[in-house]
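1. task: produce atomic coordinates for the following.
(2 chains)
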There are 2 protein chains.
Amino acid sequence: VKHGYHPLHRNKKSGASHGPEEIAEFIRELVAGNVPDYQAAAWLMAVNFVGLDPDETVELTKAIVDSGNTASYQDLPGPVVDKHSTGGVGDKVTLVLLPILAAMGMYIPKHSGRALGFTGGTIDKLESIPGFDAFPSEERFREIVRDVGFAIGGQSESMCPADGILYALRDATSTVNETGLIAASVMSKKIAGGAEHILIDVKVGQGAFMKDEASARELAERLVYVGTNLGRNVRCLITRMSQPLGRTVGNELELYETVECLTGNGPDDVMEICRASAIELCKMCGIAGASEAGLKFDEAVASGAAIERFRRFVEAHGGSTRWIDGDERLPETENVIVLKYDEKDAFIQSIDALAIGEIVRRMGGGRLTKDDSINHSVGVEFLKKPGDKIETGDILAKIYTRSMNPGDLISDVRAAFEFSETKPEIPELIIDRV
Amino acid sequence: VKHGYHPLHRNKKSGASHGPEEIAEFIRELVAGNVPDYQAAAWLMAVNFVGLDPDETVELTKAIVDSGNTASYQDLPGPVVDKHSTGGVGDKVTLVLLPILAAMGMYIPKHSGRALGFTGGTIDKLESIPGFDAFPSEERFREIVRDVGFAIGGQSESMCPADGILYALRDATSTVNETGLIAASVMSKKIAGGAEHILIDVKVGQGAFMKDEASARELAERLVYVGTNLGRNVRCLITRMSQPLGRTVGNELELYETVECLTGNGPDDVMEICRASAIELCKMCGIAGASEAGLKFDEAVASGAAIERFRRFVEAHGGSTRWIDGDERLPETENVIVLKYDEKDAFIQSIDALAIGEIVRRMGGGRLTKDDSINHSVGVEFLKKPGDKIETGDILAKIYTRSMNPGDLISDVRAAFEFSETKPEIPELIIDRV
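-> This is a model prediction of the structure:
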C-alpha cells in the first residue's frame, strides 16, 4: 500500500464538495493508472454516504466525457436523438422505438452496454440474430445511422473509459446506487455519443434499479440538470416497473415480440411507453406537437415503415432477416413448459417482475457477473397479463428452458402470479415527465 | 477488478452490525490475501460513517489478536503490566515510567510501533543511542523483561499481522479516526503482548490525535470495554495535550530529558503523568493503595533505583550508557539557535503543541510517511513553560537543527508562544480516569 495521488476520498469523507478542477484531475489520474484502486474505492464509499451535489455531478460527467473520444453528427439532415432506459424486466422499448423514430425522421446513433441484468442488454438480444454484428467500425456505424436512421452498437472502449473503471469498482464495492454516480455514468455516455436531444426512461418499482418514486424522481431531476448544464436537451419519463413489460422476458423471445410491436400487434404497455417516448422526443426537437406526433407514430407502424426500418437495420448490421417473416426460427429451446391455471375463475392481479427476472437469470438468460455467457433462447412468455380474466385450464405462461429437468421452475413462475376475484385496478404506467 | 471474497463492506454500508464469525472470517481472509484492497478500503470507509459498535469492536480486536502469535508471562514473579499512550508532542512518558514501575516491582514487556508522528515513536527515540537493539529475539526480549523488569521492542511482525494490513489501508484512505478501529488496533497489540493490567493514556487537545474531550472519552470507554470483555484489567487516563509535554520535543533531546526525570530533575508535567500512571497501575494490580503507591514512586526516583533500572535496560539492549553520565554526547546538531524574548515582562500563556510538533517534523525529527528516515538530533528545547514569568532577554527556547539556513524556524517557534500580562491559569493536566 503506497500513498496515492489524490486526496479526494479525504475531502469527500469530511463532507466537502469537490471543485471542478479537483474532479477533472482525479479522473485524469484515475484513467492514467495513478490512483490506487483502494483510494478510488474509499472515495466511492465516501460518496455513497455524503453524496455528490448537482454541480459535482456535472463536473464528474464532464470529466468522464473528456476521458475519451466523442462523436458528433451535425452533418445529418434531421434531428439527432438518443434514448436510454435505466432497465427493467422485459424492457424491449429500445428495439421497438428506434425504428419508429427513424421512420418519423429522427436519427438515433445508439450505444448500449452489456448490463448486468435479468436478461441481457439490447446488444445481447440483438446477438440472438445469426450474423448480427453489434460492434461495427465507427465508420460503418455512422454509415448505418445515415442510411437507416439508426444503428445500435456496443459501448466503444474509446468512449468514456473512466466510466468503465469506476463502474467496475462500484460493482465490486457495493457503491452502485448513489444518484450522482448513476447520473454521471448514464449522461457521460449519452453526451459522448453525440445526440442533441436525449430522453431517459427512469423505471421505478420492484423490477427496477430504483425501488421508490422519490429516488427515481431525484435521479430524473439530476439527469436533466446535468444534461442541460452540458448543453444537451434532456427529459425523463418516470415509468412503473412492477409488472414485466410486454408479454415476454428473454432475449430471443423479446426479439419476436419486437416484430409483433412493429407490425401493429404489440402489447399495450410496451406500445404506450414507445408512443409517449416518441411524442416527447418530437416535442423536444420541434418536429411536431403532441397530437400530430401521436398520429405520425401510429402511421409509422400502420404503414409498415417501422418494420421496414427494422429490417434494413438488421441487414445493415449483417444479420439474417428470414426469422422476421417466419421463414426460419431463431435457435429454439428444447423444452417449452406450459403453465396452466387450475383454480376457479378469477383475474390476474399482478405478476412479480423481480421474481420473473430472477427466474430468467437463473435459467441462464442474464448475467450475474460480467464474464457469464448468455443463453439467448430461454425465457418466459405470458399469455395472460394483469387485469386479464382467466378461467380454469387457461394457459398463464410458457417457460422456455434448455434444462431437461425443470425442477422448481413451474412452481416459481406460478408463485409470481397473484390473483383476485374482482377486476383489479391497474396503476398508470407513466408516472411523470421531468 | 475481480469480485472479492467477503460482503462485509455491503453489510456495513447498509448499517448492519457484523456478527462475530463474520468479522473473524473477514480478518482470516484478509490476512490470507483473499480480500482485495479496494473491498477492504470500501469497508473501512463504510465503518468510518456507520461506526463499529462496542461488541463489534471486541470481535474485531479478538480476530486481530488471533491473526498472529501471542505472548504469555505467567511465569514471572510479579504483576505483568503494560502502558500505552495515544501520542502527543513531547510525550516521553513510556521512557520515564517503565524504569520506575520496574523498580516498584512490576514487569513490563512493552512493544512499541514506529508511529507516524511529530517525533519518532519510543523505538526511534531509543535508536538515538549507539548500539541500541530495538529488535532483540523473542527469547532475548523475555530475558530482559525477567532480568531488568522491562524491555522495549519494536512491534513484532508475527503479532497481530492483520493490524499492519488494516493500518496501512486506513492510513492511505483517510479512515484512521473511527473509535472502534482505533480501539481494536491499540487493544489487539496490548492483548497479544501478554500483560494482564493495561493502562492507556488517552491524550486530548490540539497536539493529540483526539481533538475533543467527548471523542477521547468515547475512545477510553471503548478501550476499557474491549479489554474487559477479553479478560484484561484495563483503565484509561484522559490527559490534556495542548502544550508540549516536558521541556523537549525531539528524539535525542527527549532521551536526555528522560535521564533528568529519572534523577529527580524532571519537569512537573511529565512527572505528574508518570506518578498518576504508577499509582493507577499499583491499584490495578493490587500491590499498593494510592498514598502508599505515591510514596513508593517518589522513593524509586529518589533512591536512584529508577535510573539504575534504565541503565541496565539500555545495557541489556546493547546500547551505550556513557551518555547517561555525560561522559559522551549523543550525536549533536551543528546548529543551536537561541530564541530570546525581546518584549516587556510578561507570563507565558501557552505554547502551541501542534505548531511545535509540525516544526520538529519539518526539521526531519518525525515521519510523514513510513519510508521517511528520522533525524534523531533535531528538536526544540523550552527553557520557559506556560505559567512562567519572563523578562526581556530571557531565553525562551533553543532550536536544534542541521540546516545551515534556519529560515523561518525562529519566527515559527516564536509564533507558537502566547504571552499574557497576568499569570495565566494552567488547566489540570489529568482530566479524568476511566
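
2. name the residues that touch stretch A:324-333?
-> The contact list for stretch A:324-333 (C-beta atoms under 8 Å, 6 or more residues apart in numbering or on different chains) reads A:128-130, A:252, A:255-256, A:259, A:307, A:310-311, A:314, A:320, A:322-323, A:376-378, A:400-402. C-betas here are computed from N, CA, C, even on glycine.

3. give me the buried entries from these.
-> A:128-129, A:252, A:255-256, A:259, A:307, A:310-311, A:314, A:323, A:376-378, A:400-401 (16 or more other C-beta atoms under 10 Å in any protein chain shown).

4. what are the boundaries of the strands in chain A?
-> Along chain A, counting by DSSP state E, strands occupy A:81-85, A:108-112, A:150-154, A:197-204, A:233-240, A:248-249, A:335-340, A:346-351, A:379-382, A:389-390, A:395-401, A:417-420, A:430-433.

5. contact partners for A:Ala316?
-> Neighbours of A:Ala316 in contact, by C-beta under 8 Å, 6+ apart: A:143-144, A:147-148, A:151.

6. quick one: which of those residues is most hemmed in?
-> A:Ala151 (25 neighbours; other C-beta atoms under 10 Å in any protein chain shown).

7. what sits against the closest residue to that residue other than its chain neighbours?
-> Once flanking residues are discounted, A:Ala151 sits nearest to A:Ile144: 3.8 Å by C-beta to C-beta, 6 or more residues apart in numbering or on different chains. Contact analysis of A:Ile144 by C-beta under 8 Å, 6+ apart lists A:136, A:150-151, A:313, A:316-317.

8. any low-confidence regions in the stretch 301-434 of chain A?
-> Across the stretch 301-434 of chain A, the ranges flagged by pLDDT under 70 are A:331-334, A:368-370, A:404-405, A:407.

9. tell me where it has helices.
-> With helices called from DSSP state H, counting those that start in this stretch, the stretch 301-434 of chain A shows them at A:305-316, A:353-360, A:409-416.

10. so of these, which one's packed in deepest?
-> helix A:353-360 (a mean of 24; mean count of other C-beta atoms under 10 Å in any protein chain shown).

11. quick one, that helix and helix A:409-416 angle?
-> 170 degrees (axes from the mean of the first three to the mean of the last three C-alpha atoms, to 10 degrees).

12. gap between helix A:353-360 and the chain center?
-> 16 Å (C-alpha atoms, centre = their mean, to the nearest Å).

13. helices or strands up against that helix?
-> Helix A:353-360 sits against strand A:248-249, strand A:379-382, helix A:409-416, with contacts defined as 3 or more C-beta pairs under 8 Å, 6 or more residues apart in numbering or on different chains; DSSP states H and E.

14. can we see that at 6 Å?
-> When contacts are defined as 3 or more C-beta pairs under 6 Å, 6 or more residues apart in numbering or on different chains; DSSP states H and E, helix A:353-360 packs onto helix A:409-416.

15. next, the angle from the helix it packs on to strand A:346-351.
-> Using the same axes, to 10 degrees: helix A:409-416 against strand A:346-351 is 90 degrees.

16. residues making contact with helix A:409-416?
-> Residues from elsewhere that reach helix A:409-416 (C-beta atoms under 6 Å, 6 or more residues apart in numbering or on different chains): A:339, A:351-352, A:355-356, A:359, A:397, A:399.

17. could you rerun that using 8 Å?
-> With contacts defined as C-beta under 8 Å, 6+ apart, helix A:409-416 is touched by A:337, A:339, A:351-352, A:355-356, A:359, A:363, A:380, A:396-397, A:399, A:401, A:403.

18. out of those, which end up buried?
-> So, by 16+ other C-beta under 10 Å, the buried ones in the contacts of helix A:409-416 are A:337, A:339, A:351-352, A:355-356, A:359, A:363, A:380, A:396-397, A:399, A:401.

19. tell me the mean pLDDT for stretch A:147-166?
-> When pLDDT is averaged over stretch A:147-166, the result is 91.

20. can you point out the buried residues in it?
-> Buried, per 16+ other C-beta under 10 Å, within stretch A:147-166: A:148-156, A:159-166.

21. returning to that earlier point: test for you: state the pLDDT assigned to the residue nearest to A:Ala151.
-> In this model, A:Ile144 carries a pLDDT of 97.
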